[in-house]
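[1] Got a predicted model here, sequence first, then my questions.
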Amino acid sequence: MSLDHPNKCWRITPGFSPEWREWEGEMVVYDSYSGDTHAFDAVSAFVLQTLSMQSQDTETLMKQVASQFDLPPDAELLAYLEKLLNQLSSLRLVIPA
Amino acid sequence: MNISSLSKTTLERRLNNGGLLFRTGPITIRLQSSIAAIAEGVRLLYGEYALVDEAEFIDFHVRFEPPRGLRRWYRPQVEFEFDGHRPFKPLPYNQAFAMFEWALNWCVANHYHHYLIIHSAVIEKDGLGLIMPAPPGSGKSTLCAALVNKGWRLFSDELALISLQDGALVPLPRPVGLKNESIDIIADFAPQAVIGRKAIDTAKGTVAHMKAPTTSIQRSAELARPAWLIFPKYEKNIDMSLVPHSKAHACVYLAENSFNYNVLGVDGFRAVSKVIDQCACYDFTYSCLDEAVDLFDSLEPPG
């Protein structure tokens, strides 16, 4: 069951200043604002990079992820993204817009 | 001139008075102490290190003495003094030389920010560096001690010094700390190894230090390019294995196990990234030192 509304809008935390590296399809980001370093899979990295450019609601983000990774834009993917966004929020990388 | 060129009396006089000035890798030290165990340890394990002239800049001024007070008569202790400060509680007197080694690690890890410093052993062969980060109890120092007695060059068993400019590894070849059963294991594995006096009942159990091989000390100005990042783990009676380790997770591990990553900011991240760019990363599990040495000798440089 989904916890968030699919129209909930997300944005990058103000001050988030990422420096990215990619190795073997996995991404690492250094946030010079917090000094933290995180490893992400390709989907998480795509979400962060997309939100870095523009705030998005979860449903729009889901469609972009589906298109980028050739996945079905269904409820399962939406639920996955809601969970992911909440994880990114707990790392203080994204906040509700 | 090396420390071994000093007579026992001259060495003790220097330690007792103005201090013994010497170099290890890029670091210069002024060591003062009236404690016989420290003089003995320095004579045994630091004889081949270069003496430093009074005119040279000294990175760390350290002193080890028994604290004053009545306790010194019934429970003698040793206290570490660094630039006039006493950052730690005293330790039992029989741990004086071990305290010197630990304190020197602390000095470097907390103050030498010209480099990114990671908690890791580092060895080298043919100009290629092998980094072995691992938590205590993983067999890192034992494996490192075995390998440097079989042709690998010792950079450090505890502190990886990484250049912020190009990610090169910088040697800091000091005695290798061995704990508990590892002391006898290395004494049996490498009978030529010089191992100092055991200190018992320390916070880490029984500890002793093995002298760095002569060539490692003599070649301490020669840097190395990182080529392998290997996470070792000793397990009794297990089949040896070497399996790829995610580079992204290796990057985060190095960041989390660095002493000064947060001090260096984005420069620290870039230095770690340069290391990861150049290294093949593996998890390594072993139970037999001979097999481990054979496997390390057969490692191919990353393409």
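    Here it is on my side, so go on. Numbering: from 1, shown residues only, chains lettered A, B, ... in the order given.

[2] Up against chain B, what does chain A have?
    When proximity is defined as Cβ under 8 Å from any Cβ of the partner chain, chain A approaches chain B at A:19, A:21, A:23-24, A:26-28, A:30, A:32, A:35, A:37-40. C-betas here are computed from N, CA, C, even on glycine.

[3] isn't residue B:179 right up against residue B:205?
    Yes: under the criterion of Cβ atoms under 8 Å, residue B:179 makes contact with residue B:205 at 5.5 Å.

[4] can you tell me which of the residues of chain A next to chain B lies nearest to residue B:13?
    Among those, residue A:35 lies closest to residue B:13 (Cβ to Cβ), at 47.4 Å.

[5] Give me the helices and strands touching whichever helix or strand residue B:117 is part of, please.
    In the assignment (DSSP states H and E), residue B:117 maps to strand B:115-119. With contacts taken as 3 or more Cβ pairs under 8 Å, 6 or more residues apart in numbering or on different chains; DSSP states H and E, strand B:115-119 sits against helix B:96-111, strand B:159-163, helix B:266-278.

[6] can I have that strand written out in PDB, keeping just the CAs?
    Taking Å, rounded to 0.1, in the frame of the first residue of the first chain, the C-alpha atoms of strand B:115-119 are listed here in PDB:
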ATOM      1  CA  TYR B 115      47.600  13.500   2.600                       C
ATOM      2  CA  LEU B 116      44.400  11.600   2.700                       C
ATOM      3  CA  ILE B 117      44.900   9.000   5.500                       C
ATOM      4  CA  ILE B 118      43.000   5.700   5.600                       C
ATOM      5  CA  HIS B 119      43.100   3.000   8.200                       C
END
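
[7] That one to helix B:266-278, inter-axis angle?
    70 degrees (axes from the mean of the first three to the mean of the last three Cα atoms, to 10 degrees).

[8] now strand B:115-119: mean pLDDT?
    Mean pLDDT, strand B:115-119: 97.

[9] Tell me, what's the model's pLDDT at residue 54?
    Answering for chain A, as no chain was given. What the model reports as pLDDT for residue A:54 is 93.

[10] looking at chain B here, not the other one
    Reported pLDDT at residue B:54 in the predicted model: 92.

[11] how about it, secondary structure?
    Secondary structure, DSSP: H, G, I helix; E, B strand; the rest coil: residue B:54 is coil.

[12] Compute the number of surrounding residues for it.
    Using other Cβ atoms under 10 Å in any protein chain shown, residue B:54 is surrounded by 9 other residues.

[13] what sits against it?
    Contact analysis of residue B:54 by Cβ atoms under 8 Å, 6 or more residues apart in numbering or on different chains lists B:18, B:21.

[14] how near is it to residue B:19?
    Using Cβ to Cβ, to the nearest Å, residue B:54 is found at 10 Å from residue B:19.

[15] cool, and residue A:88?
    53 Å.

[16] Show me what from the stretch 101-250 of chain B comes close to chain A.
    For the stretch 101-250 of chain B, the residues in contact with chain A (Cβ under 8 Å from any Cβ) are B:246, B:247, B:248, B:249.

[17] and the third one, which of the three is it?
    Going back to what we said before, that points to residue B:248. Residue B:248 ends up helix, using three-state DSSP.

[18] Which pLDDT does the model give it?
    For residue B:248, the model assigns a pLDDT of 97.

[19] now the one 3 residues further on
    With respect to pLDDT, residue B:251 scores 97.

[20] Throw the helices and strands packed on strand B:115-119 into TSV and include mean neighbour count and mean pLDDT, thanks.
    Shown next, in TSV, are the helices and strands packed on strand B:115-119 (neighbours: other Cβ atoms under 10 Å in any protein chain shown; pLDDT from 0 to 100):
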stretch	mean neighbour count	mean pLDDT
helix B:96-111	21	96
strand B:159-163	23	97
helix B:266-278	21	96
